[in-house]
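A.B. asks: need a structure here:
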Amino acid sequence: MQNFDVVVIGSGPGGYVSAIRSSQLGFKTAIVEREALGGVCLNVGCIPSKAMITATHHLHKAQFDFSEMGLIIKGPVTVDMKKLVSWKQSVCDRMSNGVQSLLKGNKVTIVQGQANFTSSTQIQVSTKSGTEDISAKYFIIATGSRPIEIPGFPYDEKDIVSSTGALAFDEIPKKVVTIGGGYIGLEISSYLKKLGSEVTILEAQSSLLSGVVDPDCAQVVSKKLIKNGVQVYLSTKAKSQKKTKAGYEVTIEKEGKEEKILADKILVTVGRKPNGDQMNFKAAGVLLDERGFVKVDAQRRTSSQNIFAIGDIAGQPMLAHKASYEGILVAEVLAGHNRVYDVKTVPAVVFTDPEIASVGLTEKEASQKGNGILVSKFPFAANGRAVSMMETEGFVKIIADSKTHVVLGVHIVGPEASNLISEAALAIEMGARLEDLALTIHPHPTLGETMMEAAEATLGHAIHIIQRPLK
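C.D. replies: Here you go, the predicted structure:
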């Protein structure tokens, strides 16, 4: 029996961060991981998908933009898929090895295996060499989530794949059918199309990214996908699939009529579900809600007072940066710090082409609050840096209270939206007003100027666009 002050279960962006902070605060800490250190995010999620997106972004530039810039490549730009996947894996391995070094450097004991609770103070870990019993004063559950599987489309991660399998193709698929028009489906579909695949997206809702991002932002991405040759079926359901000599025959239903689509790969991206049905939580007295999430309070404490839960398994939003924030919070709560989860907002990013990033309220949400709002956009087409990058699609939209000018929401679609959104997140968290953004000098020429200019536009005195005077 090994004994620790803190045992973290799961080494994703929440788990490893929580373990490191716990050790920094003087706790004897261990972390249990059944697969690769870094969890889904570093190995089969966030990091590998961004590696593939980055590579295909460069490919697209070389194929379509370089010649206009006067950069001439003799002959076609080709893709060595096996080498690309190998490079992608090297990125993941580097990040995972980095996590291992950080854990060891902070004197965190690493235990490789599957953990199951036997009581609220003890777990049993199944390892390659047998089983190991571990006790702790505190446990932090950070076991994440997994892709939802739909009837008739069982994953084999070769032909019918989740995001995991789609990130490991060793050949460029000829025809791909993507079931689900959410952020994961669009990110993967976008880079597969740039690699040369024929891509068809099936979305049950009437629009892509429905309920996920600002509708105006989603519209920009949707138009770009269609412009690039992606087939998009809205208000469409995938009914079944049938293996054929040529691949798969997917039966779809649209407006009550059935149609068949051929594909050699089927990508299913209809969401993720928490791993709440694992680890024998009942033995520890940890309660789940009706959706399988672990019930937690504002300090991320579960129904068992010495057990905490963070990240995807602790509820929405299921985002890596939210998990990391919670991981640090819980470690500091254990150390006696006066902390609760009281953030105003959590930024979200969709790595499509162009990128979408959002923080705070949407127009609809802000309007429903009952106060008057100011809304305006500043287009990237009016930004010198974006023009020089040949990436002018999209805009920065700001929503503010009409009386106080306090910033309520910012929604960006365009180049490097993922990097630009942090300024907006800080603005909302600190209660900044439009004037705070507009009167802050932003360096020129940069994409960051669009935030300042969008604030000026929302105040009614934009310089680099012509706008109607505000009422």
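
A.B. asks: Just the CA trace of whatever helix or strand H58 lives in, in CSV.
C.D. replies: Here H58, judged by DSSP states H and E, is contained in helix 46-64. Output of helix 46-64 as CSV, limited to C-alpha atoms (Å, rounded to 0.1, in the frame of the first residue of the first chain):
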residue,chain,number,x,y,z
CYS,A,46,-6.0,19.4,-29.3
ILE,A,47,-2.3,19.2,-30.1
PRO,A,48,-2.3,16.7,-33.0
SER,A,49,-5.3,18.3,-34.7
LYS,A,50,-3.6,21.7,-34.5
ALA,A,51,-0.5,20.2,-35.9
MET,A,52,-2.4,18.9,-38.9
ILE,A,53,-4.3,22.1,-39.3
THR,A,54,-1.1,24.1,-39.3
ALA,A,55,0.5,21.9,-41.9
THR,A,56,-2.4,22.0,-44.3
HIS,A,57,-2.7,25.8,-43.8
HIS,A,58,0.9,26.1,-45.1
LEU,A,59,0.0,23.6,-47.9
HIS,A,60,-3.0,25.7,-49.0
LYS,A,61,-0.9,28.9,-49.0
ALA,A,62,1.8,27.2,-51.1
GLN,A,63,-0.8,26.0,-53.6
PHE,A,64,-3.0,29.1,-53.9
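
A.B. asks: C-terminal to that helix, what's the next element?
C.D. replies: helix 66-69.

A.B. asks: and for that next one, what are the contacting residues?
C.D. replies: With CB atoms under 8 Å, 6 or more residues apart in numbering as the test, helix 66-69 has contacts from 72-73, 390. C-betas here are computed from N, CA, C, even on glycine.

A.B. asks: could I get those residues as CSV with pLDDT and distance to M452?
C.D. replies: Shown next, in CSV, are these (pLDDT from 0 to 100; distance: CB to CB, whole Å):
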residue, pLDDT, distance to M452
I72, 96, 37
I73, 95, 37
M390, 97, 22
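
A.B. asks: I'd like to know which of those are buried.
C.D. replies: Buried members of these, scored by 16 or more other CB atoms under 10 Å: none.

A.B. asks: Which of these fall in strands?
C.D. replies: Among these, the subset assigned to strands under DSSP state E is empty.

A.B. asks: want to throw the residues you listed into a markdown table with distance to S418?
C.D. replies: What follows is the contacts of helix 66-69, written out as a markdown table (distance: CB to CB, whole Å):
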| residue | distance to S418 |
| --- | --- |
| I72 | 31 |
| I73 | 28 |
| M390 | 19 |
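
A.B. asks: Would you confirm that A136 belongs to a helix?
C.D. replies: No - secondary structure assignment (DSSP: H, G, I helix; E, B strand; the rest coil) places A136 in strand, not in a helix.

A.B. asks: Any idea how many residues pack against it?
C.D. replies: By other CB atoms under 10 Å, 24 other residues sit near A136.

A.B. asks: quick one: contacts for the spatially most central residue of the chain?
C.D. replies: Nearest to the geometric centre of the chain sits L319, at 5.6 Å (CA atoms, centre = their mean). Residues near L319 by CB under 8 Å, 6+ apart: 346, 348.

A.B. asks: coming back round to it: so which elements touch the helix holding H58?
C.D. replies: helix 81-105, helix 183-195 (3 or more CB pairs under 8 Å, 6 or more residues apart in numbering; DSSP states H and E).

A.B. asks: now for the last one, which elements pack on it?
C.D. replies: Helix 183-195 is packed against helix 46-64, helix 163-166, strand 175-179, strand 198-202, helix 215-227, strand 265-268, strand 348-350, with contacts defined by 3+ CB pairs under 8 Å, 6+ apart.

A.B. asks: so the third one versus helix 183-195, what angle?
C.D. replies: Inter-element angle recorded for strand 175-179 and helix 183-195: 170 degrees (by axes from the mean of the first three to the mean of the last three CA atoms, to 10 degrees).

A.B. asks: From the rest of the structure, what touches strand 175-179?
C.D. replies: Residues from elsewhere that reach strand 175-179 (CB under 8 Å, 6+ apart): 150, 153, 185, 188-189, 192, 197-202, 238, 247-248, 250, 261-270.

A.B. asks: Check these for burial and list the buried ones.
C.D. replies: 153, 185, 188-189, 192, 197-202, 238, 247-248, 250, 261, 263-270.

A.B. asks: re earlier: kindly present the helices and strands packed on helix 183-195 as a markdown table, with separate columns for distance to A284 and mean pLDDT.
C.D. replies: Output for the helices and strands packed on helix 183-195, formatted as a markdown table (distance: least, CB to CB, whole Å; pLDDT from 0 to 100):
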| stretch | distance to A284 | mean pLDDT |
| --- | --- | --- |
| helix 46-64 | 29 | 96 |
| helix 163-166 | 28 | 96 |
| strand 175-179 | 36 | 98 |
| strand 198-202 | 40 | 98 |
| helix 215-227 | 41 | 97 |
| strand 265-268 | 32 | 98 |
| strand 348-350 | 31 | 98 |
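
A.B. asks: Need the ones you listed in JSON lines (columns: distance to A331).
C.D. replies: As requested, the helices and strands packed on helix 183-195 are exported to JSON lines (distance: least, CB to CB, whole Å):
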{"stretch": "helix 46-64", "distance to A331": "22"}
{"stretch": "helix 163-166", "distance to A331": "29"}
{"stretch": "strand 175-179", "distance to A331": "39"}
{"stretch": "strand 198-202", "distance to A331": "41"}
{"stretch": "helix 215-227", "distance to A331": "35"}
{"stretch": "strand 265-268", "distance to A331": "36"}
{"stretch": "strand 348-350", "distance to A331": "24"}
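
A.B. asks: Out of those, which gets nearest to A425?
C.D. replies: The closest of the helices and strands packed on helix 183-195 to A425 is strand 348-350. By CB to CB, the value is 10.1 Å.

A.B. asks: In its sheet, which strands sit next to whichever helix or strand comes after that closest one, and in what direction?
C.D. replies: For strand 348-350, the succeeding helix or strand toward the C-terminus, using DSSP H and E, is strand 355-360. Strand pairing for strand 355-360, determined by DSSP bridges: strand 348-350 (antiparallel), strand 407-414 (antiparallel).

A.B. asks: Just tell me which of these ends up closest to T164.
C.D. replies: strand 348-350 (19.0 Å).

A.B. asks: one step back: per-residue confidence for the residue nearest to the centre of the chain?
C.D. replies: For L319, the model assigns a pLDDT of 97.

A.B. asks: same deal with the one 4 residues further on?
C.D. replies: Each residue has a pLDDT score; the one for A323 is 98.

A.B. asks: I am finished for the moment; much appreciated.
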